[in-house]
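> Got a sequence here, can you build the structure:
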Amino acid sequence: MKKIDTSSITPIAGMPLKSGGLDHLQSAYQEGIQQMAIPIIGQQYNTTDYFIMQGCKNTGSGSNYIISAGSIYHNNEWFLVDAATFTAGVGQTAVGTITTTFFTSANADPTTFTDGVPHNVNVIRKIVFSSGVSGSGDVDFNALKITGWGNRHFVGDTGEPGFLNSWGNELGWTPLSFRKNFSTNEVFIEGAIEKATWNGSPNNLFVITSGYSPPSPGVAQYFPIIASTSTGSLPAIFIIAVGGTASVQLYSTIVATTVSLTIHGIKYFSS
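Numbers count the residues shown, from 1 in each chain. Purely as a prediction, here's the structure:
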């Protein structure tokens with residue numbers, strides 16, 4: 001850890017500041033921030049991408065952007081982001097630009113140096129989002145990397161993967177959903193679903209969103225689950241293929257009947 005040794009400063013012996021000393025202090029807090037940020041970002045960390053540390057959610061739709069305030073980490077620097085609302089022009093998108101301003105105040109900037117020349121030295125660097133052509137700024141909004149938990153995706157909802165082969169959520173139980181921890185690259189699936197008539201043979205349930213499937217090349221992921229019928233519970237196997245297709249089958253077929261599946265504790269590393 002970088003520190004300044006002040007033990008030689010006394011009431012009669014002061015220590016003049018040099019640019020190197022200020023740079024030393026600045027790099028000290030930057031290193032501290034880096035050591036806090038990297039564990040949060042996790043295994044996806046690199047010095048090239050821009051990572052959302054908090055906030056920065058777009059609640060607008062289409063070309064209308066409503067971006068909340070937050071912060072972004074990039075290349076050992078933590079940038080604050082002010083809230084922004086705008087409509088992207090034709091052929092444009094939300095573009096973030098690293099913008100520099102200064103803390104101007106009677107006790108701040110401009111700072112008059114010993115040679116009598118004033119300079120602005122109290123720098124404030126933020127990422128500002130506005131409408132622009134893709135690639136014209138430092139980072140497009142849609143290129144930002146998520147850290148920690150992403151949003152929960154509910155199968156069957158508008159804009160989400162749909163159910164296949166007449167499967168659907170079981171009334172009164174937790175609907176089927178999946179979400180990803182982008183810092184650990186793990187996907188979690190849970191919920192209860194049912195089908196009115198099924199004999200237990202292999203059946204596709206839904207196709208998970210791109211980026212949430214097992215890595216390719218790789219192998220399908222298999223998980224034991226419980227299937228319930230009017231006559232009791234049966235063992236079943238839940239499968240996520242490398243291509244993202246989720247399917248299920250009983251260990252042995254039965255006379256076709258209404259079957260519900262309790263899907264809980266499904267966790268695997270994604271692509």
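> which residues are contacting stretch 155-172?
The contact list for stretch 155-172 (CB atoms under 8 Å, 6 or more residues apart in numbering) reads 153-154, 175-178, 191-197, 203-209, 260. Yep, even glycine has a C-beta here, placed from its N, CA and C like the rest.
> State the mean pLDDT of that stretch.
For stretch 155-172, mean pLDDT is 96.
> got it, and stretch 139-146?
Per-residue pLDDT over stretch 139-146 has a mean of 97.
> Compute the first-to-last residue distance for it.
14 Å (CA to CA, to the nearest Å).
> Any of the contacts of stretch 155-172 buried? List them.
Neighbour-count burial (16 or more other CB atoms under 10 Å) applied to those gives 153-154, 175-178, 191-195, 203, 205-209, 260.
> List the ones among those residues that fall in strands.
The subset of the buried ones among the contacts of stretch 155-172 located in strands under the criterion DSSP state E comprises 153-154, 177-178, 191-195, 203, 205-207, 260.
> Let's have these in CSV, adding distance to M1.
As requested, these are arranged in CSV below (distance: CB to CB, whole Å):
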residue, distance to M1
H153, 42
F154, 46
S177, 43
F178, 41
G191, 47
A192, 51
I193, 52
E194, 57
K195, 59
N203, 58
L205, 52
F206, 50
V207, 49
S260, 56
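> Skip the chain neighbours and tell me the closest residue to M15.
I9 (5.2 Å; CB to CB, 6 or more residues apart in numbering).
> Do a quick rundown of the strands in the stretch 151-271 of the chain.
Assigned by DSSP state E, counting those that start in this stretch, the stretch 151-271 of the chain shows strands spanning 153-154, 168-169, 177-181, 186-198, 203-207, 221-229, 232-240, 245-250, 257-269.
> would you turn those into a markdown table with distance to E77?
Formatted as a markdown table, the strands of the stretch 151-271 of the chain follow (distance: least, CB to CB, whole Å):
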| stretch | distance to E77 |
| --- | --- |
| strand 153-154 | 32 |
| strand 168-169 | 44 |
| strand 177-181 | 24 |
| strand 186-198 | 28 |
| strand 203-207 | 39 |
| strand 221-229 | 38 |
| strand 232-240 | 38 |
| strand 245-250 | 40 |
| strand 257-269 | 29 |
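> Okay, now the unreliable bits of the stretch 151-271 of the chain?
By pLDDT under 70, the stretch 151-271 of the chain contains no weakly predicted segment.
> partners of the residue nearest the centre of the chain in the sheet?
Central residue of the chain (CA atoms, centre = their mean): I146, 1.9 Å from the mean position. Under the criterion DSSP bridges, I146 forms beta bridges with I52.
> That one and G62, how far apart?
Distance, I146 to G62, by CB to CB, to the nearest Å: 21 Å.
> do the same with G135
20 Å.
> hey, where'd the helices end up in this protein?
Taking DSSP state H as the test, the helices found in the chain are 19-41.
> tell me the domain boundaries of it?
For the chain, automatic domain parsing gives the domain ranges 19-146, 153-269.
> for these, which one ends up most surrounded?
Highest mean neighbour count among these (mean count of other CB atoms under 10 Å): domain 153-269, with a mean of 16.
> Any idea how far it is from the middle of the chain?
Its chain's average C-alpha position is 24 Å from that of domain 153-269, according to CA atoms, centre = their mean, to the nearest Å.
> Could you work out the end-to-end span of that domain for me?
Note: domain 153-269 ends 17 Å apart using CA to CA.
> before we move on, what about stretch 242-258?
Taking CA to CA, stretch 242-258 runs 29 Å from one end to the other.
> now stretch 47-63
Taking CA to CA, stretch 47-63 runs 29 Å from one end to the other.
> Quick check: mean pLDDT of it?
Here stretch 47-63 scores 96 as its mean pLDDT.
> Give me the contact list for it.
With CB under 8 Å, 6+ apart as the test, stretch 47-63 has contacts from 37, 40-41, 44-45, 65-76, 78, 81, 85, 87-89, 92, 94, 96, 127, 138-139, 141, 143-147.
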